[in-house]
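sequence unknown, structure follows:
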């Protein structure tokens, strides 16, 4: 409800914000955040109109079974969410093209708008059909959702962008209409089948046979702590790894854009910054979800199975931190496999009029960039920072539902507000000089606050951890700060202004007392 309510005021706020910011020449800096808000809004609409409900065990999201007994036919029961979902998505996109795109100096052709609207509707209906029909099979559902959304997105977005050279407008609209109709009928059939209690068909029997054929763990665990790590990974680890790895790989499609659009260095840097920003945001969000006992559970609190286990709160926390590290390690492998193919997609699927570089061309044209990002110290620093970001999200998630919502929303609002303020100040007379002069003081304040809060809270968790665990957490904290400092030394320049920015980035990314807060919040959840 909060997400939908925020979308109601999102467009008028952005229009008013543009009226103020454009007059000061800051509109281009707002576009990056508007793009993220657009993606967030579309995702929210899609998920909202999937109209799902968690079952009694808290594991499967499907069409609300409590509505199966209503005295209406399935066409009315499932058709209405699809109908007004399609209308909502279409209206939102049309309003966005009418109100926001003009501020970007983007004029959409009517043929493009028709293709985009029908593509979004087809994507929504496919998502509803898959989620409602295969809610008992989360992995099959995840794969089909990914394939269908990506495939329809390429057909509905790239084809109009090429002026319908590979497919005519009639072919695109006809294809999307057929897909939407089939998805509509498939969703009705899936809900009708579940309404009759006939979900346990050949798919279930096939999966059971495959599951029985696969090898299972036959050895015991060396310790209860190892068993807890296995439990954390088994419940959500692989799913989180796929989400993070695929999300990281998906952002690689942005990297050819500065070259193809011949963007200036500032705009290129903004586009390239999307990768680390989105990675850290995704890691932070997954860290909050890692606080749950099970990803599919509607209950944001830990289950009695965890809270009553004969383990110290420190043991459970260490298991979650290890799981966070394993998740990012697996996600990094997925990213390494898919990054180059995703990067090359615009090069392979667009015509020669738009010069999207291939991966080899990009590496050849940016040797300094690849010299930095392939440095082992830089890679280790990124690994440590992402894991600590997940731990920071974990600390918020373990604080409980009301507090976690307030903390997460307040941090996002504060971060965006600070960026807008900095951009406004930088364009004021003497503002850039004042900003650069204040950076050392801001960096020193951040480092002092993080160091003081960590030392202050560390003494409160001594009895909740074993000496080895305390040493491990302290080593992880010091290692992250050390790697950040080492990386800063590698990219150090002869420009005082650039070095002040580097120092601020280190102070901002450096870990605070999140690991300590994780233990305290977890202990408070176990002993309310």
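Structure received. All of these numbers come straight from a predicted model, not from anything done at the bench. Numbering: from 1, shown residues only.

How many residues are close by residue 168?
As a burial measure, residue 168 scores 12 neighbours (other Cβ atoms under 10 Å). Any C-beta I mention is one placed from the backbone N, CA and C, and that applies to glycine too.

Quickly note the distance from it to residue 184.
24 Å (Cβ to Cβ, to the nearest Å).

cool, residue 374 as well?
48 Å.

Who has more neighbours out of the two?
residue 184 (22 against 10).

show me what contacts that one?
For residue 184, the contact set (Cβ atoms under 8 Å, 6 or more residues apart in numbering) comprises 79, 82, 125, 129.

what's the burial count for residue 463?
Neighbour tally, residue 463, other Cβ under 10 Å: 10.

Identify all contacting residues around stretch 520-528.
Residues from elsewhere that reach stretch 520-528 (Cβ under 8 Å, 6+ apart): 301-302, 307, 313, 316-317, 395, 398-400, 457, 460-461, 464.

before we move on, what about stretch 450-467?
312-314, 318, 470, 473-474, 477, 507, 510-513, 516-517, 519-520, 523.

Okay, now it: how far is its last residue from its first?
This stretch, stretch 450-467, spans 22 Å end to end (Cα to Cα, to the nearest Å).

pull the longest helix from this protein.
The single longest helix within the chain, with elements called by DSSP state H, is helix 313-349.

For it, list every residue counted as buried.
313-328, 330-332, 334-335, 338-339, 342-347 (16 or more other Cβ atoms under 10 Å).

starting at the chain centroid, how far to it?
The chain centre lies 12 Å from the centre of helix 313-349; the measure is Cα atoms, centre = their mean, to the nearest Å.

For the very next helix or strand once past it, give me every contacting residue.
For helix 313-349, the following helix or strand on the C-terminal side (DSSP states H and E) is helix 359-365. Applying Cβ under 8 Å, 6+ apart, the contact partners of helix 359-365 are 255, 256, 259, 340, 343, 344, 347, 357, 370.

List the contacts of the one helix or strand residue 497 maps to.
Using DSSP H and E, residue 497 maps to helix 496-509. Applying Cβ under 8 Å, 6+ apart, the set of residues contacting helix 496-509 from outside is 385, 436, 439-440, 442-444, 446-447, 450, 484-485, 487-488, 491-493.

filter the residues you listed to the buried ones?
Judged by 16+ other Cβ under 10 Å, buried ones among the contacts of helix 496-509: 385, 436, 439, 443, 446, 447, 450, 484, 487, 488.

From these, which land in helices?
The helices, defined by DSSP H, take in 385, 436, 439, 443, 446, 447, 450, 484, 487, 488 from those.

Pick out the most distant pair among these.
385 and 436 (24.1 Å; Cβ to Cβ).

re earlier: give me the lowest-pLDDT entry from the buried ones among the contacts of helix 496-509.
The lowest pLDDT within those belongs to residue 436, with 84.

What's the separation between that residue and residue 456?
As defined by Cβ to Cβ, residue 436 lies at a distance of 31 Å from residue 456.

Tell me where the stretch 151-300 of the chain is predicted with low confidence.
The stretch 151-300 of the chain contains residues with pLDDT under 70 at 158-159, 161-166, 198-208, 210-212, 214-218, 266, 294-300.

mind listing the helices for it?
For the stretch 151-300 of the chain, applying DSSP state H, counting those that start in this stretch gives helices covering 159-161, 169-195, 202-213, 224-232, 238-250, 257-261, 265-272, 274-290.

Could I get those helices in TSV, plus columns for distance to residue 97?
Below are the helices of the stretch 151-300 of the chain laid out as TSV (distance: least, Cβ to Cβ, whole Å):
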stretch	distance to residue 97
helix 159-161	13
helix 169-195	17
helix 202-213	40
helix 224-232	44
helix 238-250	23
helix 257-261	20
helix 265-272	22
helix 274-290	22
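
closest to residue 378 out of those helices?
helix 274-290 (11.3 Å).

mind listing what's buried in the next helix or strand along the chain from that closest one?
Where DSSP H and E defines the elements, the next helix or strand beyond helix 274-290 is helix 304-307. Of all the residues in helix 304-307, those buried under the rule 16+ other Cβ under 10 Å are 306, 307.

quick one on the thing from earlier: in ChimeraX, how would I select just the buried ones from the contacts of stretch 450-467?
Selecting the buried subset of these in ChimeraX, with 16+ other Cβ under 10 Å as the burial test, is done by:
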select :312,313,314,318,470,473,477,507,510,511,512,513,516,517,519,520,523
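
picking up where we left off before, mind putting the buried ones among the contacts of helix 496-509 in TSV, distance to residue 179 included?
Listed next are the buried ones among the contacts of helix 496-509 as TSV, based on distance: Cβ to Cβ, whole Å:
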residue	distance to residue 179
385	41
436	53
439	52
443	52
446	50
447	54
450	51
484	48
487	47
488	50
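
sorry, back to before: can you tell me which of the contacts of helix 359-365 comes closest to residue 112?
Using Cβ to Cβ, residue 256 comes nearest to residue 112 of the contacts of helix 359-365, at 20.8 Å.

in terms of contact, does the closest one touch residue 357 like I think?
Yes. In this structure residue 256 lies within contact range of residue 357 using Cβ atoms under 8 Å: 5.4 Å.

what's the overlap in contacts for the two?
Residues touching both residue 256 and residue 357 (Cβ under 8 Å, 6+ apart) are residue 347.

Among those two, which residue is more densely surrounded?
Higher neighbour count among residue 256 and residue 357: residue 256, with 24 against 20, using other Cβ under 10 Å.

what's the closest non-adjacent residue to the more buried one?
Excluding the flanking residues, the one nearest residue 256 by Cβ to Cβ, 6 or more residues apart in numbering is residue 356, at 4.6 Å.

I'd like the distance between the one you found and residue 514.
Computed with Cβ to Cβ, the distance linking residue 356 and residue 514 is 40 Å.
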